[in-house]
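A structural model of the following input is requested.
(one chain, ligands or ions: 2)
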Amino acid sequence: MTLRSVSSDFAAPDGGFIGPSLCWWTISRARPMAVCRDIGLHLDASVPAVTGTLPPGHPFAIRATVLTPLTAGGSEHLADGIVEVDAGGRIAGVREAAGAATAGVIDLRPLVLLPGMVDLHAHLPQLPNAGLGAGLDLLTWLDRYVFPLERRFDDAEAAARLAPAAFRAFAAAGTTTVLAYGAVFKASTDGAFQAAEAHGIRAILGKVMMDRITYDERIDPATILDRSLRESEELIARWHGADDGRLGYAVTPRFAVSCTADMLRASAELAARTETWWQTHVSEDPGEIDEVHRLFPEARDYVDVYDRAGGLGARTILAHAIHLSDRELARLVETGTRIAHCPSSNLFLASGVMPLARYLEAGLAIGLGSDVAGGPDLSIFGVMRVGAYSQTVRRVVADDTEPTLAPLDWLRMGTLDGARALGLDERIGSIEVGKEADLIAVDPRMTAAMRDLPYDPAEVDAADVMSRLIFRSHPDMVRRAWVRGRRLEGPPGPA
Ligand code: GUN
Ligand code: ZN
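Ligands and ions are numbered 1, 2, ... in the order given. Below is the predicted model:
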């Protein structure tokens, strides 16, 4: 048995994860080890696991560089700032450190405190396949890589094996809010919600609905629609709004290729009646679009399929939308429908490149999505990077003369715009007083091209900080993540 000290900046409670005034832990070699959420050390497995509804937090304050978009526009950058979080997990103060009291403040300098990333589109059961199948067209990739994998995500045990690690991985990538698809099975979606509840991440999840083609051969096709609606409604009753809105439900018909018009209509009705979200895919791949035209000859175009089902509107998040006609674009804007832009997936599956500037100019509401495993990378910083390169390629190869986004625009899209797409921007998406403290602390030193370069936060402006985080992302650069002021397990510990 040995005792090991923990560095002093953990002496103050920062989120109440494993209790206040933590200085010493007993470490045993004889018993199984668990990774300590707070300090990244391997600790005795008797350290209590966090399960169920979150414990109340502790007020705490952090000193770091602060970089955030602002709701009113623009951004705030404090090279040396202090963010205070109250006992309810809300941001109580954002100020310059100079001249402020610093006693008891957790000093994370030179880490950069950002709002947690919002991932508007991911597929939980697909994480094990991340990086497999590059360049296949969507429908072949689904058949070969995705449906066989999702078929195995079929019960609570499968969820217990995968979902806790998946949520840790999202947090390690800097994502504090994720909108994700499960598989077609109720039990594993329920298990995924349980894992999200215990982990602390903000999660909106949905059981996938498919009645035209499906990978669950055990269900009598004649009963799929009713059963899928009933099971979705049961999950909604249990999870939508749980933990004061930290968990939510998205009714999830997979896409028009796998759903009948009846399923699309009934699922949209369910979402409207229960005030949940509605998510699906649209206009991702040329072969998929052709198939939709073949299956829905009465519809004007792909967007019209969802329009006829009553699926468009402010609670709807459509993934991809990269090949829209002007009519489709105008209709999505008119209905306030939200888009999850997933550029790394779009290149990985050779689907196409979104004309992002044209869409933004038209007023389309857009946030970012990893689309794992269509996208190989969970990190929204990585998504920003591929998104930025994609727009540059449009300019240099396709003669697109629209302006490209700057690093701080990408930050906004990956945080506040994502929160806005979910209608959660009054709660999260930026580091502003009154919002819930969904934060990440990122180490900018890890983005340098050489080790041990001196780093002085006072000498780096906001755009350059963000540019490095996008274009020189390091997989371990997110050192901490919090939702409502509560530390999330996943990021690899202190600086
Ligand atoms: N369209 C329908 N299902 C999927 C999926 O799982 N991933 C992607 N990228 N597109 C889809
Ligand atoms: Zn997807």
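
make it CA atoms for all contacts and neighbour counts henceforth
Will do.

now do the helices in the stretch 101-250 of the chain.
Taking DSSP state H, counting those that start in this stretch, the helices of the stretch 101-250 of the chain run over residues 138-141, 147-151, 156-172, 186-199, 224-239, 242-245.

and residue 216, which of the ones you listed is closest to it?
Closest approach to residue 216 among the helices of the stretch 101-250 of the chain (C-alpha to C-alpha): helix 147-151, 6.7 Å.

give me the contacts around that closest one.
125-126, 183-184, 215-216 (C-alpha atoms under 8 Å, 6 or more residues apart in numbering).

tell me the least confident of the residues you listed?
Among the contacts of helix 147-151, residue 216 carries the weakest pLDDT, at 88.

count of neighbours near it?
Per other C-alpha atoms under 10 Å, the neighbour tally for residue 216 reads 20.

cool, residue 159 as well?
26.

nearest approach to ligand 1 belongs to which of the helices of the stretch 101-250 of the chain?
Across the helices of the stretch 101-250 of the chain, ligand 1 has its closest neighbour in helix 138-141 (6.5 Å, C-alpha to the nearest ligand atom).

and that closest one, what does it pack against?
Applying 3 or more C-alpha pairs under 8 Å, 6 or more residues apart in numbering; DSSP states H and E, we find helix 138-141 packed against helix 286-295.

excluding chain neighbours, what is closest to whichever residue of the stretch 301-450 of the chain sits closest to ligand 1?
Nearest residue of the stretch 301-450 of the chain to ligand 1 (C-alpha to the nearest ligand atom) works out as residue 374 at 4.4 Å. Nearest non-adjacent residue to residue 374, counting by C-alpha to C-alpha, 6 or more residues apart in numbering: residue 345, 4.7 Å away.

got it, and residue 240?
Nearest to residue 240 is residue 248, by C-alpha to C-alpha, 6+ apart, at 4.2 Å.

so what's the one you found bridging to?
Going by DSSP bridges, residue 248 is paired in beta bridges with residue 204.

burial count for it?
Counted with other C-alpha under 10 Å, residue 248 comes out at 23.

quick one: the strands in the stretch 301-450 of the chain, in order.
Assigned by DSSP state E, counting those that start in this stretch, the stretch 301-450 of the chain shows strands spanning 316-320, 338-341, 365-368, 439-442.

tell me which of those strands sits nearest to residue 90.
Short answer: strand 439-442, nearest of the strands of the stretch 301-450 of the chain by C-alpha to C-alpha, at 10.8 Å.

figure out how far the helix or strand that the closest one is followed by is from the centre of its chain.
Where DSSP states H and E defines the elements, the next helix or strand beyond strand 439-442 is helix 462-471. Centre-to-centre, helix 462-471 and its host chain are 20 Å apart (C-alpha atoms, centre = their mean, to the nearest Å).

which elements pack onto helix 462-471?
helix 380-397, helix 407-414.

tell me the contacts of the residue nearest to residue 240?
Applying C-alpha under 8 Å, 6+ apart to residue 248 gives the contacts 203-205, 236, 239-242, 276.

same check on residue 427?
Applying C-alpha under 8 Å, 6+ apart, the residues near residue 427 are 434-436.

tell me the phi and psi of it?
phi -100, psi -40 (degrees, to the nearest 10).

gap between it and residue 195?
From residue 427 over to residue 195 the distance is 22 Å, taken as C-alpha to C-alpha, to the nearest Å.

next one: residue 473 from residue 466, what distance?
Distance, residue 473 to residue 466, using C-alpha to C-alpha: 10 Å.

got it, and residue 237?
From residue 237 over to residue 466 the distance is 40 Å, taken as C-alpha to C-alpha.

which residue of these two possesses the greater neighbour count?
residue 466 (24 against 13).

which residues are in contact with the closest residue to the more buried one other than its chain neighbours?
Residue nearest to residue 466 in three dimensions, not counting chain neighbours: residue 407, with 5.7 Å by C-alpha to C-alpha, 6+ apart. Going by C-alpha under 8 Å, 6+ apart, residue 407 touches 463-464, 466-467, 470.

from those residues, list just the buried residues.
Taking 16 or more other C-alpha atoms under 10 Å as the criterion, what is buried in the contacts of residue 407 is 463, 466-467, 470.
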